[in-house]
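In: Next one to model:
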Amino acid sequence: MQKKAYVYIMTNKRNTVLYTGVTSNLIKRVYEHKKKLVEGFTKRYNLNKLVYYEVFDDILSAITREKQIKAGSRKKKIDLVESVNKEWQDLFESLI
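Out: The predicted structure is shown next:
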């Protein structure tokens, strides 16, 4: 069985800061962000809301997409989130 890969966008309570990441275990990774188990950007800026994700069949495709999203403007990231999550709801609960 092939392992899936994910590109995701996290934000804070007020949706003012965006973080794009890639992982092979979305539930575990978002949990780590929410519980502040990992030092870095998401902990520093209190990013604990999953607002967007995409699923890929391999990690290389996910990394390529992550780089594409990161290279885009803030407006493009907002438009991407709002294309599937207009209310900016936390999608984490729908995963578990």
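
In: which residues sit in contact with the closest residue to V22 other than its chain neighbours?
Out: Spatially, and ignoring its direct neighbours in sequence, V22 is nearest to E66 (4.3 Å; CB to CB, 6 or more residues apart in numbering). From N, CA and C alone the C-beta is placed, and that goes for glycine too. Applying CB atoms under 8 Å, 6 or more residues apart in numbering to E66 gives the contacts 7, 20-22.

In: V38 too?
Out: V38 neighbours (CB under 8 Å, 6+ apart): E32.

In: and the gap between the residue nearest to V22 and K77?
Out: Going from E66 to K77 by CB to CB, to the nearest Å gives 12 Å.

In: residues shared between the contacts of the two?
Out: Residues touching both E66 and K77 (CB under 8 Å, 6+ apart): T20.

In: just how off-centre is the lengthiest helix in the chain within its chain?
Out: The longest helix of the chain (DSSP state H) is helix 59-71. Taking CA atoms, centre = their mean, to the nearest Å, one finds the center of helix 59-71 at 12 Å from the center of the full chain.

In: got it, and stretch 14-28?
Out: Computed by CA atoms, centre = their mean, the chain-centroid distance of stretch 14-28 equals 3 Å.

In: List the buried residues for it?
Out: With burial defined by 16 or more other CB atoms under 10 Å, the residues of stretch 14-28 counted as buried are 18-23, 26.

In: start to end distance for that stretch?
Out: Stretch 14-28 has an end-to-end distance of 23 Å (criterion: CA to CA, to the nearest Å).

In: ok, residues contacting it?
Out: Counting by CB under 8 Å, 6+ apart, 3-11, 29, 41-42, 45, 47, 49, 51, 53, 59, 62-63, 65-66, 69-70, 74, 77-78, 81, 88, 92, 95-96 sit against stretch 14-28.

In: No further questions, thank you.
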